[in-house]
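In: Here is my input, please return the structure:
(chains A and B)
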Amino acid sequence: MIESDPYAEEDIGRLIGLLPPAPEGWVRAAQEIPAFRAMLDELVERAEADKVFQATLVADLEAAIAEAGYEPEPRAVEGVRRQMRARDASDS
Amino acid sequence: MSDAELVKRCREGSVEAWNELVERFSRYVYAICSRGFGLSAEDAEDAFQDVFTRVYSRLESLRDDSALRPWIAQTTRRVCLDRIAANSREEPVEEVMAEQVGPSLDEIDEAFAVREALDEIGDPCRELLDRFFARDESYRTIGDELDIPQGTIASRISRCLDKLRKEFEGRKPGRPSSGEQ
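Out: This next block holds a predicted model:
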């Protein structure tokens, strides 16, 4: 009878095993999306009012983030860059 | 907190709610990308971030707040297919998909329903079963981490599986559908 049960213990165990935890760094980066989006919005707003800053933003994102007063950690730079790509994609 | 309440609080700008949304669906999105579609680690990471970026950006377009999971599932599938297509322009996506050997997306949906049941029964069974089946930890590691005798772990797992199976009864997921406008 156990063999014909679609939810025998082995099946339940296998299903639990199908959802291992995602890497912690991935989860943390996804949780920071609102912060990265807010940072990008601030950079874009400043670039619209400041042509010199706009040039920096286009040429060197890391420098632009630092100039705006944020720590240009690789995770933040990549996070903002990803938001820029998403923004560009939704605009096109 | 229900999915609908979570969506509502995310729309209101709650950081805690967004963190909870990511936590709640991170395993699901990860499984679809890496196991369901067999993406490489690099592509899976990109897809994972793209999915949550889209979810964050388009939360307003979700018509039925309680349909968050199927909407995330559809978004994840779309992102994965786009990535596969971008990686193999000369090869039709259908042929690429035919080569995948991981679990089906229906199985991953079923696994998510089990996960919900696991959350419902809570600790200590949740932690024990998660460590053994999802994190692939040995009896020794589990015994050390949870401070329980190794000799009792098998029977504890069996009892917890029985408890989980009872909770899971009646929780079989329906076929995914989109809640997006």
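
In: can we go C-alpha only for contacts and neighbour counts from here?
Out: Fine.

In: Tell me how chain B divides into domains.
Out: The record assigns chain B these domain ranges, following automatic domain parsing: B:1-102, B:104-181.

In: Which among those is found nearest to chain A?
Out: domain B:104-181 (4.1 Å; Cα to the nearest Cα).

In: OK, contacts around residue 77?
Out: Using chain A. Applying Cα atoms under 8 Å, 6 or more residues apart in numbering or on different chains to A:V77 gives the contacts A:L61, A:E62, A:I65.

In: Please refer instead to chain B.
Out: B:I32, B:C33.

In: near chain A, which residues of chain B?
Out: B:15, B:18-19, B:22-23, B:26-28, B:30-31, B:45, B:48-50, B:52-54, B:56, B:103, B:107-108, B:110-112, B:114-115, B:129-130, B:133-136, B:158, B:161-162, B:165 (Cα under 8 Å from any Cα of the partner chain).

In: Let's see that with 7 Å instead.
Out: Residues of chain B found near chain A (Cα under 7 Å from any Cα of the partner chain) are B:18-19, B:22, B:26-28, B:30-31, B:45, B:49, B:52-53, B:108, B:111, B:114-115, B:130, B:133-135, B:161, B:165.

In: Could you pick out the buried ones from those residues?
Out: Among these, those scoring as buried are B:18-19, B:22, B:26-28, B:30-31, B:45, B:49, B:52-53, B:108, B:111, B:114-115, B:130, B:133-134, B:161, B:165 (criterion: 16 or more other Cα atoms under 10 Å in any protein chain shown).

In: and these, which of them are in helices?
Out: B:18-19, B:22, B:26-28, B:30-31, B:45, B:49, B:52-53, B:108, B:111, B:114-115, B:161, B:165 (DSSP state H).

In: would you list every one of the helices in chain A?
Out: According to DSSP H, the helices that chain A contains are A:9-17, A:24-31, A:33-49, A:51-59, A:61-67, A:74-91.

In: typed the wrong thing, it's chain B
Out: B:3-11, B:15-31, B:41-58, B:68-87, B:93-98, B:105-121, B:125-129, B:139-146, B:153-168.

In: now these in JSON lines, with mean pLDDT and distance to A:A29?
Out: Shown next, in JSON lines, are these (pLDDT from 0 to 100; distance: least, Cα to Cα, whole Å):
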{"stretch": "helix B:3-11", "mean pLDDT": "93", "distance to A:A29": "17"}
{"stretch": "helix B:15-31", "mean pLDDT": "96", "distance to A:A29": "10"}
{"stretch": "helix B:41-58", "mean pLDDT": "93", "distance to A:A29": "8"}
{"stretch": "helix B:68-87", "mean pLDDT": "92", "distance to A:A29": "17"}
{"stretch": "helix B:93-98", "mean pLDDT": "54", "distance to A:A29": "28"}
{"stretch": "helix B:105-121", "mean pLDDT": "92", "distance to A:A29": "22"}
{"stretch": "helix B:125-129", "mean pLDDT": "95", "distance to A:A29": "24"}
{"stretch": "helix B:139-146", "mean pLDDT": "94", "distance to A:A29": "27"}
{"stretch": "helix B:153-168", "mean pLDDT": "92", "distance to A:A29": "32"}
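
In: With distance to A:A22 added, can I get the domains of chain B in TSV?
Out: Formatted as TSV, the domains of chain B follow (distance: least, Cα to Cα, whole Å):
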stretch	distance to A:A22
domain B:1-102	5
domain B:104-181	11
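
In: Ok, which of those comes nearest A:R37?
Out: domain B:1-102 (9.2 Å; Cα to Cα).

In: Can you tell me which residues in chain A are near chain B?
Out: Checking chain A against chain B by Cα under 7 Å from any Cα, the hits are A:7, A:9, A:13, A:15-22, A:26-27, A:30-31, A:33.

In: picking that back up, where among the helices of chain A is the average confidence lowest?
Out: Note on the helices of chain A: helix A:74-91 shows the lowest mean pLDDT, a mean of 82.

In: For that helix, list the C-alpha coordinates in CSV.
Out: Coordinates of each C-alpha in helix A:74-91 appear next as CSV, following Å, rounded to 0.1, in the frame of the first residue of the first chain:
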residue,chain,number,x,y,z
PRO,A,74,31.1,46.1,-5.8
ARG,A,75,27.8,44.8,-4.6
ALA,A,76,26.2,48.3,-4.8
VAL,A,77,27.8,49.1,-8.1
GLU,A,78,26.5,45.8,-9.6
GLY,A,79,23.1,46.3,-8.0
VAL,A,80,22.7,49.8,-9.4
ARG,A,81,24.0,48.6,-12.8
ARG,A,82,21.3,45.9,-12.8
GLN,A,83,18.6,48.4,-12.1
MET,A,84,19.9,50.6,-14.9
ARG,A,85,19.6,47.7,-17.3
ALA,A,86,16.1,46.9,-16.1
ARG,A,87,15.1,50.6,-16.4
ASP,A,88,16.6,50.7,-20.0
ALA,A,89,14.7,47.5,-20.9
SER,A,90,11.4,48.8,-19.6
ASP,A,91,11.9,52.1,-21.4
